[in-house]
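>>> pasting the structure only:
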């Protein structure tokens, strides 16, 4: 019962994290609230991977919903034996938690790459990735951010929003890992075995 409540709480936490991921990813399309840069495709290429909207957002909402249903539907029956049903619920929970790790991990990696690459902005030489060759060193040297003339404050905008996405997706990965560990502990520690005993149908 305790592990079920804990698992349900963890699944509930995935929902606000997914909603915030969607919001933050959308904000990346509108530096300083302006829509012209998105319509003219003058944004960093990593925002078009939809890491926060699709993977850490919508897909994680689906994962969280399925996990909540599995945790809260105590009368779920997939076969005649109650123990058999628990086995399938556990396996489904592990599968969907693993999918959650994959989806949020994708967002984490893409967001980290976007953060390191830096924004696509207008410099004295035209539109380019002004900090692409710095290997992320520009993140700690704010004196060179003035190279980006347009959009205004786009460096800060990208750093803050990509950092938030990294944090949100990182938390999702941790939560899903905890859920996998909890379900595996049920199997390995003998709450119920996933091995069907000989002679039991």
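Received, thanks. For clarity, every value in this text was computed on a predicted model and none was experimentally measured. Numbers count the residues shown, from 1 in each chain.

>>> Any buried residues in the helix or strand containing residue 169, and which?
According to DSSP states H and E, residue 169 maps onto helix 154-188. Residues 154-155, 157-159, 161-162, 164-173, 175-176, 179-180, 182-183, 186-187 are the ones in helix 154-188 that count as buried (16 or more other Cβ atoms under 10 Å). Using the backbone N, CA and C atoms, a C-beta is placed for each residue, glycine as well.

>>> Strands of this protein, start to end?
Using DSSP state E, the strands assigned to the chain run over residues 120-123, 126-129.

>>> Can you lay out the ones you listed as a markdown table showing mean neighbour count?
Listed next are the strands of the chain as a markdown table, based on neighbours: other Cβ atoms under 10 Å:
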| stretch | mean neighbour count |
| --- | --- |
| strand 120-123 | 20 |
| strand 126-129 | 12 |
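
>>> With mean pLDDT and distance to residue 6 added, can I get these in TSV?
Listed next are the strands of the chain as TSV, based on pLDDT from 0 to 100; distance: least, Cβ to Cβ, whole Å:
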stretch	mean pLDDT	distance to residue 6
strand 120-123	96	43
strand 126-129	96	44
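
>>> now those in CSV, with distance to residue 37?
Shown next, in CSV, are the strands of the chain (distance: least, Cβ to Cβ, whole Å):
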stretch, distance to residue 37
strand 120-123, 9
strand 126-129, 10
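
>>> Counting by contacts, list what the least confident helix or strand in the chain by mean pLDDT packs against.
Every helix and strand in the chain was compared by mean pLDDT, DSSP states H and E; the lowest is helix 2-27, with a mean of 87. Counting contacts by 3 or more Cβ pairs under 8 Å, 6 or more residues apart in numbering; DSSP states H and E, helix 2-27 is packed against helix 60-72, helix 82-117, helix 154-188.

>>> switch the cut-off to 6 Å
helix 60-72, helix 154-188 (3 or more Cβ pairs under 6 Å, 6 or more residues apart in numbering; DSSP states H and E).

>>> Tell me which of the ones you listed approaches residue 107 most closely.
With Cβ to Cβ as the criterion, residue 107 lies closest to helix 154-188 of the helices and strands packed on helix 2-27, at 3.9 Å.

>>> tell me the mean pLDDT for that closest one?
Here helix 154-188 scores 94 as its mean pLDDT.

>>> now the angle from it to helix 60-72?
Calculated by axes from the mean of the first three to the mean of the last three Cα atoms, to 10 degrees, helix 154-188 forms an angle of 30 degrees with helix 60-72.

>>> Just list what helix 154-188 packs against, helices and strands only.
Using 3+ Cβ pairs under 6 Å, 6+ apart, helix 154-188 sits against helix 2-27, helix 82-117.

>>> ranking those helices by burial, who's on top?
helix 82-117 (a mean of 19; mean count of other Cβ atoms under 10 Å).
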